[in-house]
Each structure stands twice: as structure tokens, then as C-alpha cells.
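1. when you get a sec, could you give me coordinates for this:
(one chain, ligands or ions: 1)
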Amino acid sequence: MEILIEKLRRREPLIWINGNYDLEKAEESSPFSMDSVYQAEEVLNDYAPVLRKLFPELESSKGIIESPLLTVNTMYNDFIPPGHLLLKADHLLPVSGSIKARGGIFAVLKVVDRIAERENIFQKDRKFTLSESAKNIFSNYRIAVGSTGNLGLSIGIAGRAFGFSVEVHMSSDAKAWKKVLLRRIGADVVEYDSDYTAACEAARVSAQQDNSVYFIDDENSTDLFLGYSVAALRLRKQLDELHITVSGEHPLFVYLPCGVGGAPGGITFALKQLFGNTVHCFFAEPVDAPAMTLGLVTEKYKDISIRDIGLSGYTAADGLAVGRPSGFVSLLMKRYLDGAYTLPDKDLFYYLARLYDTEGYKVEPSAAAGCAGPVLFNTSDEGRGYLEQKGIEDQNIIHVIWSTGGSMEPQAEFEKNYTKGCS
Ligand SMILES: *Cc1c(COP(=O)(O)O)cnc(C)c1O
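-> Okay, here's the model as predicted:
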């Protein structure tokens, strides 16, 4: 453990295999079951007609917010990882252009549910048309959220569409264009010089004063977690459509960029329910902000911050720039997660540029973190050791790189990152 902490402190890229991984123990201690995931899916299905009306871009999917599963054969250059290479393109998720469109919009729908019950609107089923009078009622309520950017965007866009007033507390990492966009749609943006944990805390305090304010708590929200988890059901369907069968011999390796852990944790949890030990989930974090890895390695979870080992948390991966992981998610991941790796920002820029050059996809730096996974598992000692220990043939692996955001980024922003990746 000391060696790992030293590597984290020195910002040395690493692969960490989780010695505490144990699916049976995980199931025993998990507060969630697959039922919770199916219920979340049902909520999303029930609200699909409303979402379709609110967001014309959901017309073709009939109100379902989903991203394509794409093949990426040409992205790798010097070393081409064997196996099947797939990209789960959440950077193309409609409505808010990042993985937060899953959890964030689901969390807003849950607030809608609660208020609808409180105010006796459309109690019986959720297949309502959003009337002006319902919107008027929602306008008496406020949703508050702390965010490094993308969660604020998702909740701001969805919340405003339902008529809520929305208050987004943003950390210093948040990009200017995200604040501009939010203000344009009528959200209140409160800016902080401090990091994400402080912005979140301010939002929490603001909500406690007033029972017409609903706080969506990125560090503790089971709604967010379950909203994200539905992605596993959708991925399984997409793999079926491609006639890809996952088995012990043909395992699924999933690489998920991780911030506080809600998004990758929710997805990992549900993938493990569906595929058991035949899916292997790995979180990817910047060397400057390895919050989840540090929490899991030290077994201190949310009670240790990257600042405690002298790291700044400054990274171009704003979506991953957090100091400590979510408490409940990191505890859950103790048993569910197979491992994690860290990488420097320059690698994020490199993969961002490669993805654009070879496939034409525009992602943000955070979203490129998963691209390193297939290479690392083939070329590093830890990665090869893992495959050997599990008896996995590299050419049989189905790699799923989760690209988590970027399609809403302004062109100038993308070009800056792209230029860095080319040099
Ligand atoms: C938020 C975010 C993540 C990670 O999600 P967490 O729930 O914070 O772990 C990954 N990529 C992008 C682009 C994000 O915005």
C-alpha cells in the first residue's frame, strides 16, 4: 500500500488491481438490487413521452436518452490492442452531451415525481403532458446542485425545461462556457474560488434552509447512481444487437472515467448484476486527481482527500477534478470494482486528438481517460499479470471504452485541446 500511495503522491501513472474484489461479499452488503435498476429504467420509460416533447432532439428515439455503441478500429497507433474495440459514445448523449444526461436528468425526474405527489398533479401515472399549470407549480420550486460543470449543465437544462428555478454552485474548475450556457437558459450560477467539495457543501447548506429547495447531492445521491446504472441494461441490448456474446472466455473489459464515482459506480454495479465475473470494470483517473483510487487503496474512502497526500487536483479533466470520492459509492466499489488506473493529462490530450483524427469524434479531456485502458492491459506488467491470473486470452477481450462527454463543447475549446494533443 505504501508503494502505491507513494506512486500516487509522485503522480506516477499506475494500474491498481483491487485485492478486495469479491462479488459474493459485494452482493451480501449491497443496499441495492437489480430491482432498483429496473425501477429506474421504468421511470425513464414513463417520462419518455414528456421528454420527447420537451427536447425535439429526442424525437427519433421517442424520448429515450441513449448513446450509440461504436467500433473504434483505427484509433491506436504504435500498439494496436488485440480483441474487440468498442466505444460507448456518451459524449453523444442527447440533451446535455455527457454521461450526466443519464444520472442528472433522472434525478430531476425524481424531483418532479416527489413534487407531483406533494401537489397532487398527475398522481396515477407519469405519462402526462406537461401542462402550463404544472410548469407554474414547478416554478415555485428550486433545484440546487454543486458541480464541476457537466452535472450542472444536465440539471440546469432539464430542470429549466420543467419550469424549475435552478441554482448551480460551481467550483473553480468549471469551464466558462458552461456557466454562460446555464445563465442563458435562466439558471442561477454561483461561482467559487474553491474546489468541488466546497461548492457542493454550499449548495447543500442553501437547500437546508428551505423546503421548497431540492438539493441533488452528487456525493450522496442514490437517484443519480441509479439513473446511471440503467446504462448497463442499454449496453447489454446494444451488445446483443451486434451479436456479441459475453462469457468467461470472451470477457467484457469496461474502462470508465471516474470523478466522485456515481456514474462509473452505478454502471459497474449494474454490469456486475448482469454479467457477473465475466465483466471486468476499471476506473480511469487523472494522476492529479486520483480520488477514488486513493480512497480504495487506503480503505479510507471519503475520509481521505488527494490534498492529504499533497496533490493539487488541477487537471484539464474538469469532469474528474474532485478531491475525494463519494462515500457510499466508494464503499460499494470496495467489493465490486476490479481495479483502476491513472494517467497524465498529456495522455488525455493525445487520445482526444487520436479519436478525432481517426474516427472524427470530439470528446472532452475527461472523456478520453478510458482510451488508455486496452493498451495498458496489454502492455503493462500489472495488466498482463491480471490477464494471466484470470486465464484470459488478450484477443478474446471485448473492450468497451466509455467516452463520457464533449459534444456540447464550443469548437474553440475543442481546438485548444486538440492542438495540445497533436504536439
Ligand atoms: C462527471 C463526469 C465523469 C465522472 O462521473 P462521476 O459520477 O463524477 O464519477 C466522467 N466524465 C465526465 C465527462 C463527467 O462529466
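
2. put the alpha carbons of the strand or helix carrying Val189 into PDB.
-> Assigning secondary structure by DSSP states H and E places Val189 in strand 188-191. The C-alpha coordinates for strand 188-191 follow below in PDB (Å, rounded to 0.1, in the frame of the first residue of the first chain):
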ATOM      1  CA  ASP A 188     -28.500  31.000 -11.300                       C
ATOM      2  CA  VAL A 189     -24.800  30.200 -11.300                       C
ATOM      3  CA  VAL A 190     -22.900  30.800  -8.100                       C
ATOM      4  CA  GLU A 191     -19.100  30.700  -8.600                       C
END
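
3. return the set of buried residues in that strand.
-> Judged by neighbour count (16 or more other C-beta atoms under 10 Å), strand 188-191 contains these buried residues: Val189. For glycine as for every other residue, the C-beta is placed from the backbone atoms N, C-alpha and C.

4. and it, what does it pack against?
-> Helices and strands touching strand 188-191, by 3 or more C-beta pairs under 8 Å, 6 or more residues apart in numbering; DSSP states H and E, are strand 165-170, helix 176-184.

5. the helix or strand that it is followed by near the ligand anywhere?
-> The C-terminal neighbour of strand 188-191 among helices and strands, as given by DSSP H and E, is helix 196-208. No: Helix 196-208 is not in contact with the ligand by C-beta under 6 Å from any ligand atom; minimum separation 9.1 Å.

6. check which helices and strands helix 196-208 sits against.
-> strand 142-147, strand 165-170, strand 213-216.

7. most tightly surrounded among those?
-> Counting by mean count of other C-beta atoms under 10 Å, strand 142-147 has the highest mean neighbour count of the helices and strands packed on helix 196-208, with a mean of 27.

8. neighbouring contacts of that strand?
-> 108, 111, 151-153, 155, 159, 164-171, 174, 196, 199-204, 206-207, 210, 212-218 (C-beta atoms under 8 Å, 6 or more residues apart in numbering).

9. and stretch 215-232, average pLDDT?
-> Averaging pLDDT along stretch 215-232 gives 95.

10. now swap in stretch 267-287 and tell me
-> In the prediction, stretch 267-287 has an average pLDDT of 98.

11. now the element after the longest strand anywhere in the chain, going C-ward?
-> Ranked by number of residues, the top strand in the chain under DSSP state E is strand 279-286. Next helix or strand after strand 279-286 toward the C-terminus (DSSP H and E): helix 291-298.

12. taking strand 279-286 as reference, get the angle to that next one.
-> 110 degrees (axes from the mean of the first three to the mean of the last three C-alpha atoms, to 10 degrees).

13. from the contact counts, what lies against helix 291-298?
-> Helix 291-298 packs on helix 2-9, strand 15-17, strand 279-286, helix 327-336, strand 339-343, going by 3+ C-beta pairs under 8 Å, 6+ apart.

14. dump the ones you listed into a markdown table; add distance to Ile392 as well.
-> Below are those laid out as a markdown table (distance: least, C-beta to C-beta, whole Å):
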| stretch | distance to Ile392 |
| --- | --- |
| helix 2-9 | 23 |
| strand 15-17 | 13 |
| strand 279-286 | 8 |
| helix 327-336 | 19 |
| strand 339-343 | 14 |
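
15. show me what contacts Gly391?
-> Not one residue lies near Gly391 by C-beta under 8 Å, 6+ apart.

16. neighbours of the closest residue to the ligand within the stretch 101-250 of the chain, how many?
-> Residue nearest to the ligand within the stretch 101-250 of the chain: Asn150 (3.4 Å; C-beta to the nearest ligand atom). Applying other C-beta atoms under 10 Å, we find 29 residues neighbouring Asn150.
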